[in-house]
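Visitor: predicted model and sequence follow; I will ask about them next.
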Amino acid sequence: MAVTYEEWMSDGDALMWNIERDPVLRSTVLSVWILDQSPDLERFEATFDRAVEKIPRLRQRVVADVLGVATPRWEEDPLFDRAYHLRRMRAPGDGDLRDLLDLAAPIASQAFDKDRPLWEFHLVEGLEGGRAGVIMKIHHAVSDGVGMVHMTNSLIERSRDPEPGWDRPLTVAESLDASPRATQMEHLASAVQHRVKTATQRGRKLSEAVGRGLLETAMDPAGAARKLAETASSVGRLVRPTTEPHSPIWTKRSFSIHLDALLVSFDALRAAAKTVDGTLNDAFVAAIAGGLRLYHEGHGHPVEALRMNMPINIRSGDEGNKAGNQFVPARFDVPIGIEDPKERMRAIRKLVQDQRSEPALPFIDEVSGVINRLGVVAATLFVSGMMKSVDFVTSNVRGPHFPVYTSGARIEQMFPFGPMAGAAINVTLFSYDGQLQLGINSDRHAVPDPDRLLECIEAGLDEVTGAA
């Protein structure tokens, strides 16, 4: 089903956008691809022209509502320049994966030009073995990981051969030039309409919830009161500020990063998960937890638990096809000190199940709306208190289970790098063509020895896969 694009940001997306007043809370998403050869440049550029034509977000910039009536909106960039967003360069050094990741790190660290659409695509030629690389950078306000997979479908193909009509004439320039600029009064009218629509939808949602609550109260007064109290407590847990990370060594935060990548067997990790009737994600998180235990022990600071942020996908029904973010950033303590990998997987499975059943999940946009009403400065301070005490982030995104191509080049790997947004490290898993591809994004100030961290995470993965 086609992705739909709203003119106005949701409150959740707006909050993610506004809190970048603090650069440590930037939400840049990066993907690094390895191609088996350089793509056909004519097809490559034509593919991007078609993608820009089909995907509005690729040619839209963010414009604040200066009157403060509504959230920021997406507007066509009247000066859109494909050459700014689509760039070519030569690989540095020997052109190996390490060189490519070192090239990508400062690109990921740099803030977006907020007067332009929020994406960059760097084609890196001259990798070892005749390969090429891609560095794709997108702001998280554009979409979450699931939405990005849908959006990037326009950039990939099922075979090496060109698809029919790839070189057809395009109308993208005409459509950009032909879009009339709305007046300030028209924007104001649209903003008021959007705010009324949002309030109406929330009122309907609240009315339905109240109606269900009244019915439940009539049938089971004690149960209804208990459910209301559980929902209130759940919202409190979602937004509760914390002051310090659990890790005694990950206390510094910056926006300088280091990138590492790992390949893991899909079958091996899934087999480990099956030994405890768990999911692939349970085994993945347990492996990362084991690696972080080894890392802290190696530094002479063993810990029993670390605070983790894990995005929980809440896409469903027709709403699930909207661009933007539809996830809840669940923060909870993960047991690090459990040495037995099976016991650790069981404990994490229970924790994740509990998080997925939190009553506050359906109300994330309402909660974000309340925080936004504090104003940008206060909202940034509030969210900063929530996020900078997070020790690590894990995320799991499902990709195609078959090989894909871009302009005649086969994509061998797609390494994902999620934003830390205040945490010390982010480990993101992307499944593609029977492989699990892990991107490890670490804060250089919090983690001065990323090579040691990588070794420990590899050992944690070996621990879990060895339990199968």
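Guide: Perfect, thanks for sending it.

Visitor: what residues of stretch 269-288 count as buried?
Guide: By 16 or more other C-beta atoms under 10 Å, the buried positions in stretch 269-288 come out as 269-270, 272-273, 276, 278-288. Placement of C-beta: from N, CA and C, glycine included.

Visitor: stretch 292-306 now?
Guide: Applying 16+ other C-beta under 10 Å to stretch 292-306 flags 292, 293, 294, 295, 296, 303, 305, 306 as buried.

Visitor: do you know how far the first one is from residue 427?
Guide: Translated: residue 292. As judged by C-beta to C-beta, to the nearest Å, residue 292 and residue 427 stand 9 Å apart.

Visitor: what's the helix or strand for residue 264?
Guide: Here residue 264 sits within strand 257-265, counting by DSSP states H and E.

Visitor: how about that strand as PDB, C-alpha atoms only?
Guide: Output of strand 257-265 as PDB, limited to C-alpha atoms (Å, rounded to 0.1, in the frame of the first residue of the first chain):
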ATOM      1  CA  ILE A 257      30.600   9.600  16.900                       C
ATOM      2  CA  HIS A 258      32.400   6.400  15.900                       C
ATOM      3  CA  LEU A 259      30.800   3.800  13.600                       C
ATOM      4  CA  ASP A 260      31.400   0.100  13.500                       C
ATOM      5  CA  ALA A 261      29.600  -2.700  11.600                       C
ATOM      6  CA  LEU A 262      29.100  -6.400  12.100                       C
ATOM      7  CA  LEU A 263      27.600  -9.300  10.100                       C
ATOM      8  CA  VAL A 264      25.700 -12.000  12.100                       C
ATOM      9  CA  SER A 265      24.000 -15.200  10.800                       C
END
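
Visitor: any shared contact partners between residue 292 and residue 427?
Guide: Residues touching both residue 292 and residue 427 (C-beta atoms under 8 Å, 6 or more residues apart in numbering): 392, 457.

Visitor: the strand holding residue 264: partners in the sheet, and parallel or antiparallel?
Guide: Using DSSP bridges, the strands paired with strand 257-265 are strand 435-443 (antiparallel).

Visitor: distance from the partner strand to the middle of the chain?
Guide: Remark: strand 435-443 is offset 13 Å from the chain centroid, using C-alpha atoms, centre = their mean, to the nearest Å.

Visitor: helices or strands up against the helix or strand following the strand holding residue 264?
Guide: Counting by DSSP H and E, the next helix or strand C-terminal to strand 257-265 is helix 266-274. Judged by 3 or more C-beta pairs under 8 Å, 6 or more residues apart in numbering; DSSP states H and E, the packing partners of helix 266-274 are helix 280-298, helix 341-356, strand 435-443, helix 450-465.

Visitor: hmm, who's touching helix 266-274?
Guide: 279-280, 282-284, 287, 341, 345, 431, 434-436, 461, 464-468.

Visitor: what angle separates it from strand 257-265?
Guide: Counting by axes from the mean of the first three to the mean of the last three C-alpha atoms, to 10 degrees, helix 266-274 lies at 80 degrees to strand 257-265.

Visitor: tell me the average confidence for helix 266-274?
Guide: For helix 266-274, mean pLDDT is 96.

Visitor: ok and it relative to helix 280-298, angle-wise?
Guide: Taking the same axes, to 10 degrees, one finds helix 266-274 and helix 280-298 inclined to each other by 90 degrees.

Visitor: would you mind writing the CA trace of helix 266-274 as CSV?
Guide: In CSV, the C-alpha atoms belonging to helix 266-274 read as follows (Å, rounded to 0.1, in the frame of the first residue of the first chain):
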residue,chain,number,x,y,z
PHE,A,266,20.2,-14.8,10.8
ASP,A,267,19.7,-18.6,11.3
ALA,A,268,22.2,-18.7,14.2
LEU,A,269,20.6,-15.9,16.2
ARG,A,270,17.1,-17.2,15.5
ALA,A,271,18.0,-20.7,16.6
ALA,A,272,19.3,-19.2,19.9
ALA,A,273,16.0,-17.4,20.4
LYS,A,274,14.0,-20.6,19.8
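
Visitor: residue numbering should commence at 30 henceforth.
Guide: Sure, I'll start numbering at 30, so the last one becomes helix 295-303.

Visitor: any idea how far it is from the chain center?
Guide: Relative to the centre of its chain, helix 295-303 is centred 24 Å away, using C-alpha atoms, centre = their mean.

Visitor: one more: stretch 286-298?
Guide: Distance, centroid of stretch 286-298 to centroid of chain: 17 Å (C-alpha atoms, centre = their mean).

Visitor: could you do stretch 462-479 as well?
Guide: 15 Å.

Visitor: and stretch 271-286, end to end?
Guide: Stretch 271-286 stretches 23 Å from its first residue to its last (C-alpha to C-alpha, to the nearest Å).

Visitor: now it: average pLDDT?
Guide: For stretch 271-286, the mean pLDDT works out to 91.

Visitor: stretch 360-369 now?
Guide: The average pLDDT for stretch 360-369 rounds to 93.

Visitor: list the buried residues for it?
Guide: 360, 363, 364, 365, 367.

Visitor: taking the residues you listed one by one, which sit in strands?
Guide: Among those, the members found in strands (DSSP state E) are 360, 363, 364.

Visitor: now those in TSV, with distance to residue 383?
Guide: As requested, these are exported to TSV (distance: C-beta to C-beta, whole Å):
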residue	distance to residue 383
360	13
363	12
364	13
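
Visitor: what's the closest of these to residue 169?
Guide: Among those, residue 360 lies closest to residue 169 (C-beta to C-beta), at 16.8 Å.

Visitor: is that closest one in contact with residue 340, as I believe?
Guide: No - using C-beta atoms under 8 Å, residue 360 makes no contact with residue 340, being 10.7 Å away.

Visitor: domains in this structure, by residue range?
Guide: 40-188, 217-268, 286-494 (automatic domain parsing).

Visitor: residue 276: which of those domains is closest?
Guide: Closest approach to residue 276 among the domains of the chain (C-beta to C-beta): domain 286-494, 4.8 Å.

Visitor: and that closest one, end to end?
Guide: End-to-end distance of domain 286-494 (C-alpha to C-alpha): 28 Å.

Visitor: perfect, I'm done here.
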